[in-house]
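In: Sequence plus predicted model, see below.
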Amino acid sequence: MEIKIAHGDKDIPTYMAKPEYDTGELVPGVVVVFDMLGMSHDVRHQTDWLGSEGYLAVAPDLYYEGKTRCIRNMVLDFARGKGPTYDQMESIRSWVASHPRCNGKVGIIGFCLGGGFALAFAANRGFSAAGANYGRLPRKYEELLKDACPIVGSYGKKDPQLVGAAEKLEKVLAKNNIPHDIKEYPDAGHSFLNDHSEESAIIRVGIKALNLNYHEPSAIDARRRIVDFFNTHLN
């Protein structure tokens, strides 16, 4: 379902998926933050998956003001830990938390670029759980994550971009007694949870050249862990 969420005097285009059956029971919310490709078929499938698991899931199109400009702004915001992306995400989180079907608890999950933001938003941003999939560690992460919400993280051992990231994240969360489930998959690389097989031929060729391949066995296990973790901390 395509909706719009107000942010100041603008509307953020957003894809939403809800549990199929409306029993009247309140459910948790989850904000889905896409990878560098933006609002792809894959991010909609990820959102549908979370909706099928009983969550009110929303994926905001954070590139709505222009892809090149927004990528630049998101990267800059991630580096400095503040900026328009953070303000937009607060509008999204608040909207989900106040939705009549939401139980008031909202998680965040991200992939690649979005995985980094999931970590950045894990502390003092109103989220009750975070799922970071091959997310880059934020600047000053050791200090930032002292106050983090529970985090489930999934990384690929064959990912040359994030060597040692899973171990560093595990250590800082354990040190600060933050509930967590961090796993590095030995046969997976970067982007192993993202299935971009429905994208254009050019994008598929680029993904293959960069070895950003979907790895189904790892993805299946990661999704199971994410749902178990979110069920524990959002219900």
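Out: It's in. Residues are numbered from 1 along each chain as shown.
In: residue ranges of the strands in the chain, please?
Out: Under the criterion DSSP state E, the chain carries strands at the ranges 2-7, 10-17, 27-33, 56-60, 102-111, 129-133, 151-156, 180-185.
In: Could you look over these and pick the most buried one?
Out: Among the strands of the chain, strand 129-133 has the highest mean neighbour count (mean count of other C-beta atoms under 10 Å), at a mean of 30. C-betas here are computed from N, CA, C, even on glycine.
In: Does that one pack against any helices or strands, and if so which?
Out: Packed against strand 129-133 by the contact rule (3 or more C-beta pairs under 8 Å, 6 or more residues apart in numbering; DSSP states H and E) you find strand 102-111, helix 113-120, strand 151-156, helix 216-234.
In: just to revisit the earlier point, same list (the strands of the chain) but as TSV, adding distance to Tyr141 and mean pLDDT.
Out: Shown next, in TSV, are those (distance: least, C-beta to C-beta, whole Å; pLDDT from 0 to 100):
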stretch	distance to Tyr141	mean pLDDT
strand 2-7	27	96
strand 10-17	27	96
strand 27-33	17	98
strand 56-60	24	98
strand 102-111	15	97
strand 129-133	11	98
strand 151-156	11	98
strand 180-185	13	98
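In: The ones you listed into TSV, with extra columns for distance to Ala165?
Out: Below are the strands of the chain laid out as TSV (distance: least, C-beta to C-beta, whole Å):
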stretch	distance to Ala165
strand 2-7	31
strand 10-17	28
strand 27-33	17
strand 56-60	24
strand 102-111	14
strand 129-133	9
strand 151-156	6
strand 180-185	9
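In: looking at those strands, which is closest to Ala222?
Out: strand 151-156 (4.2 Å; C-beta to C-beta).
In: helices or strands up against the closest one?
Out: So strand 151-156, by 3+ C-beta pairs under 8 Å, 6+ apart, packs with helix 113-120, strand 129-133, helix 165-175, strand 180-185, helix 216-234.
In: buried ones in the last one?
Out: Spelled out, that is helix 216-234. Residues Ser218, Ala219, Ala222, Arg223, Arg225, Ile226, Val227, Phe229, Phe230, His233, Leu234 are the ones in helix 216-234 that count as buried (16 or more other C-beta atoms under 10 Å).
In: Now find how far off-centre it is within its chain.
Out: Remark: helix 216-234 is offset 13 Å from the chain centroid, using C-alpha atoms, centre = their mean, to the nearest Å.
In: Just the C-alphas of it, formatted as CSV.
Out: In CSV, the C-alpha atoms belonging to helix 216-234 read as follows (Å, rounded to 0.1, in the frame of the first residue of the first chain):
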residue,chain,number,x,y,z
GLU,A,216,19.3,-17.8,0.4
PRO,A,217,20.4,-20.1,3.2
SER,A,218,21.9,-17.3,5.2
ALA,A,219,19.0,-15.0,4.4
ILE,A,220,16.4,-17.6,5.6
ASP,A,221,18.3,-18.0,8.9
ALA,A,222,18.7,-14.3,9.4
ARG,A,223,15.0,-13.6,8.8
ARG,A,224,14.1,-16.3,11.4
ARG,A,225,16.5,-14.6,14.0
ILE,A,226,15.1,-11.2,13.2
VAL,A,227,11.5,-12.2,13.7
ASP,A,228,12.3,-14.1,16.9
PHE,A,229,14.2,-11.1,18.3
PHE,A,230,11.6,-8.5,17.3
ASN,A,231,8.9,-10.8,18.8
THR,A,232,10.7,-10.8,22.1
HIS,A,233,11.4,-7.1,22.3
LEU,A,234,8.4,-5.5,20.5
